[in-house]
Each structure stands twice: as structure tokens, then as C-alpha cells.
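**Q** sharing a model prediction with you, sequence too.
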Amino acid sequence: MATSLKAPIIPPSALIQSKQPPALKEELTMKYYSDDLVTGYIYAKHRDDDSTRIDLPHYITVIENILTLSDRITDAVLRGTDGRLGHLDESQASSVVIEPPVCTLHHILGELSCKETGIERAHEVTLKIFEILTNYPWEAKAALTLIAFATDYGDLWHLYQYSQIDSLAKSLAIIKRVATLKKHLDSLRYRQVVVSPNSLINSCLKAIKYMNQIREFSKYDVKELPELPSALRQIPLITYWVIHTIVASGIELSTYLSETENQPQKYLNELSEKIAIVLSVLEKHLDAIREQFEDVDLYRWLVDHIDHYHTDITLVIPKLLTGKIEAKPLIDGSTLREVSIQESLAGKNVILVISELSISEEDIKALHHVYNELKRDNKYEIVWIPIIPERYLEEDRRRYEYLRSTMKWYSIQFTTRIAGMRYIEEKWQFREDPLVVVLNPQSKVEFTNAIHLIRVWGTEAIPFTHNRTDYLLRKHWPESTLVKFTHQPRLLSWFNQEKSILFYGGKDPKWIQQFEERTEILKSDPLIIEGRSFEIVRIGKNARGEEDPALMARFWTTQWAYFIIKSQLKGSSASETTEDILRLISYENENGWVVLTVGPAPLLVGRGFLILRLLEDFPKWKQTLRLKGFPDAFREYFNELAAKNHQCDRVILPGFSGWIPMIVNCPECPRFMETGISFKCCHGGSLI
């Protein structure tokens, strides 16, 4: 429903004063009162004012009681019992107390009756009621208008009920012509306005209830309920149409009592359609707000029961998945049968693998190794939580079925909504990359994102604790991140002998060739042959000696994983190791790079063009080999070249899940690296 503040196109006076044939006048229907036009009328003089407040829930209760009991009388009349009701029990009597503005209600009631029929007059009266109720909030304006109508309507049928036994009531009923109203009870028009559950008046009451419920949510932070501002913006316009409908209903009631010309049927039909649209809009807003509120409530529950007051894993997992204590059974990848969460996870450490359907075969393969190792002592279970697009395609379902068929561990059933997604995204920081969270049986997080541990150390990282990670980090990083990407059978022997080793790789085959040729020249030099030899080890070739892009992709993923683990546990600027590996990562798209180690201990990480320059300049520094060993002489001359050819690095952090460092030192200088922000649409497709 549009709420733009546009100036009125047709002034009300022009509509009211127009002298047109009756047939044409009936054609001036609600299409002349667009939402934009009406909004212009409203905001020309009115703003949301709560200087005079009412207890809206109590008013709603009183209105509902009046209409309900009045309808019971009319039902009794239609059944032929003359509207006589039995004694009301306590449940039928209202105990709610309100203090209505009596004079204001009389003023409104005077506007609701004995007016000219049709939309023009109803519009004019509606604006007049807005002026009467200027100091009330929007939904209070609607409630006071409806209680004025309900007071008159209820009074009519109350007098009719007691007119059979009370002479005063009989006289008052005659004056108010209640008997005349009785003649219209079984007409479709009367039921359209008042009696039926979907009548205009009952729809107005329902709309007021919805507006009150929306306003109740306004005490919460709009950041947590993003639908709320949009819903609140609709209330002034909806208030107009509710009051307009009440006015039209009041005028219609007057025509029954005075036996004058009724409202145009087309107009009443259009009002019915309009109020139905109003209710639909309110219901959609409320559904969205309630869903968001449920997410907020669930988020707070998960924070309490995972982060603070640790709760049994069999209670937390269902809440995380569905928002309820009970969830659909899991699928056992080994037997393909459904098993309950209680049956499968009670008393176990649980490893949650949370991923999009794009999870790589390599990660699944690594998880299989972990699974096989964990099953030996039966203390751990793995559960796959796939993140399915809300608007999924059939190929997404097929991909899910395929991935599930490759997994021996538990999987949740196909679903497009994970209830605790906000917690997963905000507390565990799920992004595009798989997230592996390790929970103990009481739902305490033992490790936030073990995927990085698995990518670097595989089954060695079990049981995925900080103590185990500290132990693994005591190794030199080349031993953890370089060895598995080469097929040099003598490498471990060279480590033990503490030989100088040049690990190398790069994008440019020409650079690779030049590096290999020049290192061969060095190796033939007498000074090198005299016990100062070194070895070179190529990164990126498979067991057959062929270039392997997939192997290199895993290589860089492993470097990132080590960097994130080291940064998270040790601090991004507190470790020379972290700077070394970050420097290597920054060379991912370089023509070439080299890592110099003595045994497994790293000594230098160098950019390709400087390494070639160093090898070309060997005659300039080879004499230092007489005083120093090869690695020290190599590093000393490299540092001289680097100082003359300073070039800071640029690193683009991929969309890894879990904690990532926000402040990083440049590996080439002591300054913090500049941080940038990029945005990517989550719906996929090309970006413009």
C-alpha cells in the first residue's frame, strides 16, 4: 500500500459540490481516493500525536463485548425468541474498566449518523473525526471512533432486549425506532455492515487489534525487527480507511432507522474489498514481525544456552535447527535410516559441519578421514547442516542428495530454513566457506571453526581443542603447510640433516625455468660444492611430475588456514611466523616465489623477481660463503635487495567462515595494512 505524500489531485470540495446526475454520481467510487491522495489529506494537517493516550487493549475488549453481545441478541431475534437472552455468566461479563472521553465520543457519534450517503460525505466526516481526535495516536483514533459506533449500536439492541419487560426501555426503543432496525436483520446489506464475522465493523475491529499488536512490538529495537518501521508507516493510512469504513457503516445504520435511501451497494462492496486489503497488509506485516521476533527470541536463547549456561546437546541442536525442542530425525549416512537427535547425539561431542552446497570434494574427503578416526572411540558424532537457498532449484535438491550420499555421518533433512541462522552467522560468523564447530555434550564450544585445523593437519588435529592446536603450532609452519604439496621422497631426510632447502613455485613457467637453471649454475660453483650445498623442492606437481592446479588450490587454502589459526590464537602482529606466511599468501598471483628453510625452520620468504636478481648477482655475494653458511649469506643479500626494491603487499581475504583478523601488519613493513570493504550480493549472478 503506497504512502507517498503527494498533493491532492482532486480537492474534496470539488467532489462534494459537483452537481451530477445520480447515475454518474454513483460512479464516483473509491478509485478517486487513491492511497497517495488520501495520505496527502492526512499529512496536510495531522501527525502522530500521543499526548492523549488510552488503554487500547481495554478499549478493544469493551468494543468486542458490546458487538458480541449485540450479535447474540440479533441471533436470538432471527431465531424467533424476540432477542431475550438468559442470565449472563461471569465469563460473558466484562470486568475491564475504562474511562472514556464522554464528550468526545458524543461529538464523534454526532458525525456518524444522519449524514448524506456516499463516499464523498464519508471522506469529509472522516477528516472531521481526525480533527476531533488530533491529540490521540493513530490507532486510538480508530478505536474511539469504533467505540462511539458500538455504543450507539449496542444501546439499540440493549433497549430492544429489555423493551419486553421494562416500560422505560420500551419507550426509549420506540423513540430510537429499534423495531424498524429489526426489519433489516436478515438482509444481506445489514449483515455486510454489522452482523457477519467478515462484516465491515468486525473487520474494522480486527484491523484495530492488528494495529495494536504492531504497536506493541515498537518497544523492541527496530534493528532486530526490520519489518516494524514499514508496518508503522502504514498505520496512519490504515487508520483513515478504518474510520472511513466505520463512518460509512454508521451512515448505513442511520438509513435503516430513518428508512431513507441506503448507501450505494457498489460503494459498500468496494469498502469490503478495501478493508480486506487492509487486513491482508496488516497480517503480512504481523507475520513478518512475529517471525523476526521469534528469531530474536531464539537468538537470545541460543546465546544463553551455548555461550553462558551450557545446556544438553540434545536440547540445543533441535533449537538451533527448528527453533523448537523437537526436530525432524537426522539421516544416518551409514545406514540411511532416520534416527532421533536424542538417540544419536546424547552424551556425545558433536561436530557441526555447516556448509553451502558448494562444499568441495577435498573438504568432504578430509572430513571422511576425520570421521573414520573419530569412530574408533565413539565419543564424537558429525552432523552436516546444509544451507539451502530459500529459492532453490531442482538441481540444488539433486546436489543435496548427492552430497548426502557421499557422507557416512549424520545429515539433517532437506530444508530451506535453519531457525538459528542468525546465531550461526553472527556468533559463529558463517560466510561462504564451510564452518566446522566442535561442541561438547553440554553444548560448550570447544573450537569455533575446526575446518582450518582439518585443512592444515587433518586427523592430527583431533580432538580439536585449543591445547591440541597449541601443540601443533609448535611445529615449524613449512612442516605443516609445505611438505604435503611436494613429492620429494628425500625431504624428511633433508629436514633431519638440517639442509638448506628452497621451496619454490609460481604462475609463470618461464620464471620456474629460469629459477631452476640458475640454481643449477650455483650448485656447480666450487664454493657451493664445498659443503655449502642446498636443495630445491618444487611445489605444485603431482606424483607423476605434472603441473596440478587442484593441488595448488589446496596449497593456498592451507596457507590461509594456518594464517587464520595462528592469527586467532597468537595475535596477528605478535608472530614472525604469521608475517612469513602472510607474505607467502600475498605472492599467490606472482610469477614466482621462494621459501628458504634450514631443515623445517623457515628463514626467508621472497618474491620471484628478487630471487632471480639474487641468483644473477651470485658473484657479488658468493665470497661471503667463506665466512657464513649458505642460508645466512642468501638471506643477507636478499635483504639488501629488498631494501632497495621495497614493495608493500596487497592481500584479499577470502570469504572464510569463523573468526578472521581485522587488523593485520604488512609483512614487508611494520605498518598496519589498510582495510577495505567490499559488498557482494548474496543472490548470486553478475555484479555491476
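**A** Thanks, I have the structure now. Residues are numbered from 1 along each chain as shown.

**Q** state the distance from Ser70 to Trp511.
**A** Distance of Ser70 to Trp511, given as Cβ to Cβ, to the nearest Å: 91 Å. Placement of C-beta: from N, CA and C, glycine included.

**Q** domain ranges for the protein?
**A** As given by the TED database, the domain ranges for the chain are 30-82+95-296, 313-471, 477-673.

**Q** figure out how far the longest one is from the centre of its chain.
**A** When C-alpha coordinates are averaged (Cα atoms, centre = their mean, to the nearest Å), domain 30-82+95-296 and its chain have centres 36 Å apart.

**Q** could you find the closest non-adjacent residue to Glu498?
**A** Gly599 (3.8 Å; Cβ to Cβ, 6 or more residues apart in numbering).

**Q** ugh, wrong one, I meant His107
**A** That would be Ile132: by Cβ to Cβ, 6+ apart, it lies 5.5 Å from His107.

**Q** before we move on, what about Tyr33?
**A** His123 (6.5 Å).

**Q** how about the secondary structure of the one you found?
**A** helix (DSSP: H, G, I helix; E, B strand; the rest coil).

**Q** surely it meets His244?
**A** Yes - with contact defined as Cβ atoms under 8 Å, His123 reaches His244; the gap is 6.6 Å.

**Q** more neighbours, these two?
**A** Regarding His123 and His244, a neighbour count based on other Cβ atoms under 10 Å identifies His244 as having more, with 25 against 22.

**Q** state the distance from that one to Trp409.
**A** 61 Å.

**Q** also Arg538?
**A** 36 Å.

**Q** what do you get for Gly505?
**A** 35 Å.

**Q** out of these two, which sits in the busier spot?
**A** Between Gly505 and Trp409, counting by other Cβ under 10 Å, Gly505 is the more crowded of the two (27 against 24).

**Q** quick one: low-confidence parts of the stretch 401-550 of the chain?
**A** In the predicted model of the stretch 401-550 of the chain, residues 530-532 satisfy pLDDT under 70.

**Q** mind listing the strands for it?
**A** 410-411, 435-439, 445-447, 500-505, 534-538 (DSSP state E, counting those that start in this stretch).

**Q** okay, those strands in TSV with distance to Thr311 next?
**A** Below are the strands of the stretch 401-550 of the chain laid out as TSV (distance: least, Cβ to Cβ, whole Å):
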stretch	distance to Thr311
strand 410-411	20
strand 435-439	11
strand 445-447	13
strand 500-505	48
strand 534-538	50
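
**Q** now for these, which one comes closest to Pro386?
**A** Closest to Pro386 of the strands of the stretch 401-550 of the chain, according to Cβ to Cβ: strand 410-411, at 7.3 Å.

**Q** can you give me the strands for the chain?
**A** Assigned by DSSP state E, the strands in the chain fall at 330-332, 338-339, 349-356, 380-387, 410-411, 435-439, 445-447, 500-505, 534-538, 593-598, 601-607.

**Q** dump these into TSV; add distance to Tyr637 as well.
**A** Output for the strands of the chain, formatted as TSV (distance: least, Cβ to Cβ, whole Å):
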stretch	distance to Tyr637
strand 330-332	60
strand 338-339	64
strand 349-356	47
strand 380-387	50
strand 410-411	56
strand 435-439	44
strand 445-447	42
strand 500-505	14
strand 534-538	14
strand 593-598	12
strand 601-607	11
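
**Q** just give me the longest helix of this structure.
**A** Counting residues, the longest helix in the chain under DSSP state H turns out to be helix 265-302.

**Q** okay, buried residues for stretch 409-423 please.
**A** Trp409, Tyr410, Ser411, Ile412, Thr415, Ile418, Ala419, Gly420, Met421, Arg422, Tyr423 (16 or more other Cβ atoms under 10 Å).

**Q** once you drop chain neighbours, what's closest to Ile317?
**A** Using Cβ to Cβ, 6+ apart, the nearest residue to Ile317 is Ile341, at 5.5 Å.

**Q** is the one you found in contact with Leu320, as I believe?
**A** No - if you go by Cβ under 8 Å, Ile341 and Leu320 don't touch, sitting 10.4 Å apart.

**Q** residue contacts, the residue nearest to Asp617 when sequence neighbours are not counted?
**A** With Cβ to Cβ, 6+ apart as the criterion, Asp617 has its nearest non-adjacent residue at 7.0 Å, and that residue is Tyr637. By Cβ atoms under 8 Å, 6 or more residues apart in numbering, the residues touching Tyr637 are Leu614, Asp617, Lys620, Trp621, Thr624.

**Q** again, only this time at 10 Å
**A** Leu610, Arg613, Leu614, Asp617, Phe618, Lys620, Trp621, Lys622, Thr624 (Cβ atoms under 10 Å, 6 or more residues apart in numbering).

**Q** likewise for Leu205?
**A** Ile60, Ile63, Glu64, Leu67, Ala142, Ala143, Leu146, Ala150, Ser199, Val242, Ile246.

**Q** for Gly110, give its distance to Ile54.
**A** With Cβ to Cβ as the criterion, Gly110 and Ile54 are 20 Å apart.

**Q** does Gln234 touch Leu279 like I think?
**A** No - the pair Gln234 / Leu279 is not scored as a contact, 11.9 Å apart, by Cβ atoms under 10 Å.

**Q** compare neighbour counts for these two and give me the winner.
**A** Ranked by neighbour count (other Cβ under 10 Å), Gln234 and Leu279 place Gln234 first, with 20 against 17.

**Q** run a quick neighbour tally on Val247.
**A** Other residues lying near Val247 total 25 when counted by other Cβ under 10 Å.

**Q** where's it relative to Val102, distance?
**A** 20 Å.

**Q** next up, the contacts around the spatially most central residue of the chain.
**A** With distances taken as Cα atoms, centre = their mean, the residue of the chain nearest its centroid is Arg422 (5.7 Å). Each residue near Arg422 by Cβ under 10 Å, 6+ apart is listed here: Glu224, Gln292, Asp295, Val296, Leu298, Tyr299, Leu302.
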